[in-house]
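> Take this sequence and fold it.
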Amino acid sequence: MSKALLEVLARALVLQPDQVRVTPQSREGLSVLTLEVAKEDMGRVIGKQGKIIKAIRKVVRTTSGAAGKNTVVEVVSR
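Numbers count the residues shown, from 1 in each chain. The predicted structure follows:
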């Protein structure tokens, strides 16, 4: 569910929604969601002083917390 939620949130923010990719991974007991966006859209996803990505991380962490997993969101450019 967290992967789909992250994709929806990211696609709503960026100018190139077809470039959004979310890849789930497991590392050291954590669920890691790697969000890939176009280089030009990095600023839109991160926001001023990181406010947007902090909000996205909080929403994803809250929704995945109900399932009993710790989830981390990483952002990379394509």
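> chain center to the longest helix anywhere in the chain, what's the gap?
If you go by DSSP state H, the chain has its longest helix at helix 51-65. In terms of Cα atoms, centre = their mean, to the nearest Å, the centre of helix 51-65 is found 8 Å from the chain centre.
> Also stretch 38-51?
On Cα atoms, centre = their mean, the centre of stretch 38-51 falls 11 Å from that of its chain.
> Kindly check the end-to-end length of that stretch for me.
Across stretch 38-51, the terminal residues are separated by 19 Å (Cα to Cα, to the nearest Å).
> Which other helices and strands does the longest helix of the chain contact?
helix 2-13, helix 42-46, strand 71-77 (3 or more Cβ pairs under 8 Å, 6 or more residues apart in numbering; DSSP states H and E). Any C-beta I mention is one placed from the backbone N, CA and C, and that applies to glycine too.
> and that helix, average pLDDT?
Averaged across helix 51-65, the pLDDT comes to 91.
> Please enumerate residues in contact with that helix?
1-2, 5-6, 9-10, 13, 31, 33, 44-47, 70-73, 75 (Cβ atoms under 8 Å, 6 or more residues apart in numbering).
> Just the buried positions in that helix, please.
52-53, 56-57, 60-61, 64 (16 or more other Cβ atoms under 10 Å).
> Quick check: which ranges of the chain have low pLDDT?
Residues of the chain meeting the criterion pLDDT under 70: 66-69.
> do that again at 80, thanks
Applying pLDDT under 80 to the chain flags the ranges 1, 65-69.
> wait, doesn't Arg44 sit right on Pro17?
No. Using Cβ atoms under 8 Å, Arg44 is not in contact with Pro17; the gap is 11.0 Å.
> Distance check, Lys3 against Gln49.
26 Å (Cβ to Cβ, to the nearest Å).
> And Glu7, by the same measure?
For Glu7, the distance to Gln49 equals 24 Å [Cβ to Cβ].
> Between those two, which is the more surrounded one?
Ranked by neighbour count (other Cβ atoms under 10 Å), Glu7 and Gln49 place Glu7 first, with 16 against 7.
> Surely the more buried one touches Val20?
Yes. Glu7 lies in contact with Val20 (Cβ under 8 Å); the separation is 6.2 Å.
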